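Undergrad: just need the structure, nothing else, for what follows:
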Amino acid sequence: MKKTLLFVVVCVIGIPFMSLAQETTYSDTNDDDKVLNWYFAAGVAVTNDYKINENLAAAGMPELNNVMPEITFGYMVKGTKLLMDFEINTAFMDERTSTDRIQSVAFGFKLRGHYIPYSTENFFLSGGVDLSYLNNRFNLYSRGNVIDLNDLNPSTHTGHISLYNEQFYVGPSIAFGAFQKSSFPIRLNVGYEFSAINGKWRSDFANVANDFREDVQGRFYAKLALLF
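TA: Numbering: from 1, shown residues only. Take a look at the predicted model:
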């Protein structure tokens, strides 16, 4: 079932990508119809509450924040009517209490296929579909721990839990481009993604008992991109 769903998602987002590739091939004789840009973007990603927060709260630990600043480095290929992006995204959050600390790191990739219904010399509006992979990691520490360099047997040291899970998202998005003829064109990307395929919480350092999936997560993002 998961493989079938992933195949359908890839087909859905692949159609505009193939169409854009065909469009850019046909427009090779007119470079004004094709725009290629690297871009850097910064903004915010808001995730539905994590299920694991219930377990953290029950243990009296700080919870994962569902709002995280996110930065992006991407590449855009834009034709007259179609646009596609490839992005690398990362987000980081550090929460502390007097006794504990939790660090959250997310890293992933995104493919975006858009149709452009409206465009002028300096402005365009586009909409379409995102396909994303995201790896979520968090490390939970008890503050005030001491590491004795004369005793580096890990079994004698406690106070650190490291977990991760993986998610595949799909969802709609829109983009607003402005100042396209200037030296610093910008874009506002906004989207909402639904968790299509999700993994259980795992650890690189231990077996995980009573594991479960973050299987009902949605994810909103809004980021401002500077093209160069």
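Undergrad: tell me the buried residues in whatever helix or strand residue 117 lives in?
TA: Secondary structure from DSSP states H and E places residue 117 in strand 100-119. Using 16 or more other C-beta atoms under 10 Å as the test for burial, strand 100-119 gives 100-102, 104-106, 108, 110-114, 116, 119. Using the backbone N, CA and C atoms, a C-beta is placed for each residue, glycine as well.
Undergrad: need those residues in a markdown table (columns: distance to residue 173 and pLDDT).
TA: Conversion of those to a markdown table gives the following (distance: C-beta to C-beta, whole Å; pLDDT from 0 to 100):
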| residue | distance to residue 173 | pLDDT |
| --- | --- | --- |
| 100 | 36 | 88 |
| 101 | 34 | 89 |
| 102 | 29 | 90 |
| 104 | 23 | 92 |
| 105 | 23 | 94 |
| 106 | 18 | 94 |
| 108 | 15 | 97 |
| 110 | 9 | 98 |
| 111 | 11 | 98 |
| 112 | 6 | 98 |
| 113 | 9 | 97 |
| 114 | 7 | 98 |
| 116 | 13 | 97 |
| 119 | 17 | 94 |
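Undergrad: neighbours around residue 216, how many?
TA: Residues contacting residue 216 under the criterion other C-beta atoms under 10 Å number 11.
Undergrad: can I take it that it is in a strand?
TA: No. With DSSP: H, G, I helix; E, B strand; the rest coil as the criterion, residue 216 is located in coil rather than a strand.
Undergrad: measure it to residue 49 for me?
TA: Remark: distance between residue 216 and residue 49 (C-beta to C-beta, to the nearest Å) = 10 Å.
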